[in-house]
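> Provide a 3D model corresponding to the input given below.
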Amino acid sequence: MFDHRGMKGLRVRKAVGIAIMGALAVAALGFVVMSLWNGLLPPLFGLKTIHFWQALGLLVLSRILFGGFHGRHGGSFRRRQRLIQRWENMTPEEREKFKQGFRGRFCGFQESGRA
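Residues are numbered from 1 along each chain as shown. I've put the predicted structure just below:
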């Protein structure tokens with residue numbers, strides 16, 4: 001007979017392990033940002049040094065402003081696979097129409113002398 005209690009304990013341990021690894025990764029990133037800031041910007045530009053929590057704040061701010069640190073890249077892979085499948089199912093006429101529409105999106109882009 002299968003013991004479901006063991007599976008629950010495994011899930012809990014896995015979740016705790018992931019949380020610990022995530023916390024360590026955030027701490028390492030904060031330390032790297034703090035070290036780079038304190039090592040480069042004060043000597044180069046005369047700025048003040050920062051502490052660990054300010055470095056973490058800079059990480060959060062950069063995430064908000066620039067949208068970095070994306071966690072899941074699988075969505076873009078699935079999207080690409082779906083586009084490839086659609087392309088393969090197109091007739092040559094549909095492909096040419098798609099290419100013309102795609103070229104039209106870029107202002108001033110003209111294909112010179114190529115078929």
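
> CA only for contacts and neighbour counts going forward, please
OK.

> what about residue 49, how many residues close to it?
Other residues lying near residue 49 total 15 when counted by other CA atoms under 10 Å.

> who are the neighbours in contact with the spatially closest residue to it that is not a sequence neighbour?
What sits nearest to residue 49 in space, not counting adjacent residues and going by CA to CA, 6 or more residues apart in numbering, is residue 38, at 5.1 Å. Residue 38 sits next to 48-50 when contact means CA atoms under 8 Å, 6 or more residues apart in numbering.

> could I get these as a markdown table with pLDDT, secondary structure and distance to residue 77?
As requested, the contacts of residue 38 are arranged in a markdown table below (pLDDT from 0 to 100; DSSP: H, G, I helix; E, B strand; the rest coil; distance: CA to CA, whole Å):
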| residue | pLDDT | secondary structure | distance to residue 77 |
| --- | --- | --- | --- |
| 48 | 96 | coil | 42 |
| 49 | 96 | coil | 41 |
| 50 | 97 | coil | 38 |
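
> nearest to residue 19, of these?
Comparing the contacts of residue 38 against residue 19 with CA to CA picks out residue 50 as the nearest, at 26.3 Å.
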